[in-house]
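Peer 1: Got a predicted structure here, sequence first:
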Amino acid sequence: MDGWNTTSPAEGNVANGSTPAGASPPPIPAVHWVIMSVSPLGFVENGVLLWFLCFRMRRNPFTVYITHLSIADISLLFCIFILSIDYALDHELSSGHYYTMVTLSVTFLFGYNTGLYLLTAISVERCLSVLYPIWYRCHRPKHQSAFVCALLWALSCLVTTMEYVMCIDKEDDSRSRSDCRAVIIFIAILTFLVFTPLMLVCSAILVVKIRKSSGTARSSKLYLVITVTIVIFLIFAMPMRLLYLLYYEYWAAFRNLHNISLLFSTISSSANPFIYFFVGSSKKKRFKESLKVVLNRAFKDEMQPQRPEDNGHATSVETVV
């Protein structure tokens, strides 16, 4: 796939992997075996987390964001797993179901974009709760989290559709190249000049807050959950977005990094439930407490005003579970 690339990066490796008749198929890269091992685990973890968040835990503004983030991670992991299975088991025939693979690739990008936007929203809202605690306690709109999540899903859908229409499903001509470059510039600005700086600035404020409150009894594990999740995303998932934008024009130069970018995205989406568990669990009682107790501790928002009955039932709930 030299020169201008009009195929989805996640699908390009598959579509170009067919072998001549009678020739033995090329060896499957080891990274695909790792992806096929890690992605089902992450899928199950996020599924269990989603079930607890939806049916077993009381909601607060941040569990709403985490719920939507888990949905985005599940969709991303599912698509990566199916693409890797297709590459491993049906390598020669993969080009025959091009549109199925493109659909999975576009869904993968949709989940990735949504995860980036949701993490930014989480860090921004937490930062606002630290900087403006009175507003957060008394004047924050009740359904703000749900509204923001819906808005970010819509934005992700718009961005992903633009990327598909202008860059993936296009003929190789000068006008198509110009349109795709315009979309690439727009996505790069949105990702690296808007959302990522917001995420970094708010994360820095949260780190300062953690350091200042580390010795107090009211130090919240939610600060640490948000900060670690964002750091993992920036390390493992953010390079993938940059590589995908470069793939469209420089596939030949970056194709060797394609499998690594998929693996890093798999690790990032699979790591979140582990982060919630280890941050929320008590060092003295690790692996001995129920998952509900651990998650409640990880997502407890001490900035939210508590209901009178919360204090009276907190102990009994943890004891029963």
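Peer 2: Cool, the structure landed. These figures come from a predicted structure and were not determined experimentally. Numbers count the residues shown, from 1 in each chain.

Peer 1: give me the number of residues near residue 178?
Peer 2: For residue 178, the count of nearby residues is 10 (other C-beta atoms under 10 Å). Any C-beta I mention is one placed from the backbone N, CA and C, and that applies to glycine too.

Peer 1: Equivalent analysis for residue 256, please.
Peer 2: Count around residue 256 with other C-beta under 10 Å applied: 8.

Peer 1: same thing with residue 246?
Peer 2: Neighbourhood size, residue 246 [other C-beta under 10 Å]: 16.

Peer 1: That one and residue 34, how far apart?
Peer 2: Distance check for residue 246 against residue 34: by C-beta to C-beta, to the nearest Å, it reads 23 Å.

Peer 1: quick one: the strands in the chain?
Peer 2: Using DSSP state E, no strands are found in the chain.

Peer 1: What distance do you get for the residue most central in space within it to residue 276?
Peer 2: With distances taken as C-alpha atoms, centre = their mean, residue 115 lies nearest the centre of the chain, 3.5 Å away. From residue 115 over to residue 276 the distance is 15 Å, taken as C-beta to C-beta.

Peer 1: Kindly report the same for residue 225.
Peer 2: For residue 225, the distance to residue 276 - C-beta to C-beta - is 6 Å.

Peer 1: Are there residues contacting both of these two? Which ones?
Peer 2: 298-299 (C-beta atoms under 8 Å, 6 or more residues apart in numbering).

Peer 1: residue ranges with poor pLDDT in the stretch 151-300 of the chain?
Peer 2: The stretch 151-300 of the chain contains residues with pLDDT under 70 at 170-174, 213-219, 252, 287.

Peer 1: how about the helices in it?
Peer 2: Counting by DSSP state H, counting those that start in this stretch, the stretch 151-300 of the chain has helices at residues 174-189, 196-213, 221-232, 238-254, 258-280, 291-298.

Peer 1: Could you export those helices as JSON lines, including distance to residue 52?
Peer 2: Output for the helices of the stretch 151-300 of the chain, formatted as JSON lines (distance: least, C-beta to C-beta, whole Å):
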{"stretch": "helix 174-189", "distance to residue 52": "34"}
{"stretch": "helix 196-213", "distance to residue 52": "24"}
{"stretch": "helix 221-232", "distance to residue 52": "15"}
{"stretch": "helix 238-254", "distance to residue 52": "28"}
{"stretch": "helix 258-280", "distance to residue 52": "10"}
{"stretch": "helix 291-298", "distance to residue 52": "6"}
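
Peer 1: of these, which approaches residue 85 most closely?
Peer 2: Residue 85 lies closest, by C-beta to C-beta, to one member of the helices of the stretch 151-300 of the chain: helix 258-280, at 12.7 Å.

Peer 1: Now do that closest one: which elements does it pack against?
Peer 2: Applying 3 or more C-beta pairs under 8 Å, 6 or more residues apart in numbering; DSSP states H and E, one finds that helix 258-280 makes contact with helix 9-15, helix 30-55, helix 61-89, helix 98-131, helix 221-232, helix 238-254, helix 291-298.

Peer 1: Verify the stated contact: residue 227 with residue 207.
Peer 2: Yes - under the criterion of C-beta atoms under 8 Å, residue 227 makes contact with residue 207 at 6.0 Å.

Peer 1: mind listing what residue 229 touches?
Peer 2: 119, 122, 272, 275.

Peer 1: hang on, the earlier thing: who's more crowded, residue 227 and residue 207?
Peer 2: Just comparing residue 227 and residue 207: by other C-beta under 10 Å the higher neighbour count belongs to residue 227, 21 against 14.

Peer 1: give me every residue that touches the more buried one.
Peer 2: 203, 206-207, 210.

Peer 1: quick one: which of these has the most company?
Peer 2: Going by other C-beta under 10 Å, residue 203 tops those with 22 neighbours.

Peer 1: so what's that residue closest to, chain neighbours aside?
Peer 2: In this structure, residue 203 finds its nearest non-sequential neighbour in residue 230, 5.1 Å apart by C-beta to C-beta, 6 or more residues apart in numbering.
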